[in-house]
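J.: Got a predicted model here, sequence first, then my questions.
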Amino acid sequence: QVQLVESGGGLVPAGGSLRLSCVASGGTLSRFAMGWFRQAPGKQRERVLTISRSGGGISVADSVEGRFTVSRDNAKNTVYLQMNSLKPEDSAVYFCAARTTLSMMSLYQSDYEYNYWGQGTQVTVSS
């Protein structure tokens, strides 16, 4: 059973940066496509970025294009979400998710496609 643990959230002023980490245990991260999602109070969970098993495929939500990037270090069983130029509307609980797949390049955009989820980390951007 894979367990995912996010960290790195916190309170940051608008325009600031944060880097979130997601560490996997109980499984080898290289077997999974990964995704970062977020959910703000009263809103549905939304996709932020996804990354393929190889790291060669990445999809980015329009709302964070040019500001957020995703990377993975399979040797460390860790996926990162680098968030720059943060805005108050980026405030949410951020979740990482893992999807078992044989494909090295496939991306998965919907939350129901993911098998495993972390508990989330809160990001709050003050105006």
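T.: Great, that's in hand. Residues are numbered from 1 along each chain as shown.
J.: Report the spatially closest residue to the one residue sitting closest to the centre of the chain, excluding sequence-adjacent ones.
T.: Geometric centre of the chain, nearest residue: Trp36, 2.2 Å, by Cα atoms, centre = their mean. In space, Trp36 comes closest to Val48 once its chain neighbours are excluded; the distance is 4.3 Å by Cβ to Cβ, 6 or more residues apart in numbering. C-beta: built from backbone N, CA, C; applies to glycine.
J.: what does the model give the one you found for pLDDT?
T.: Per-residue confidence (pLDDT) for Val48: 98.
J.: next one: Asn74
T.: Value listed for Asn74 in the pLDDT field: 89.
J.: Could you do Gly27 as well?
T.: Taking Gly27 on its own, its pLDDT is 86.
J.: phi, psi of it?
T.: Note on Gly27: backbone dihedrals following degrees, to the nearest 10 are phi -170, psi 160.
J.: how about it, what does it touch?
T.: 1-2, 98 (Cβ atoms under 8 Å, 6 or more residues apart in numbering).
J.: which of these has the weakest pLDDT?
T.: For these, the weakest pLDDT value sits at Gln1, with 84.
J.: Leaving out the residues flanking it, which one is nearest to that one?
T.: Nearest residue to Gln1, sequence neighbours excluded (Cβ to Cβ, 6+ apart): Gly26, at 5.3 Å.
J.: ok, the one you found - contacts?
T.: 1-3.
J.: same deal with Gly120?
T.: By Cβ under 8 Å, 6+ apart, the contact set of Gly120 is 6, 39, 93-95.
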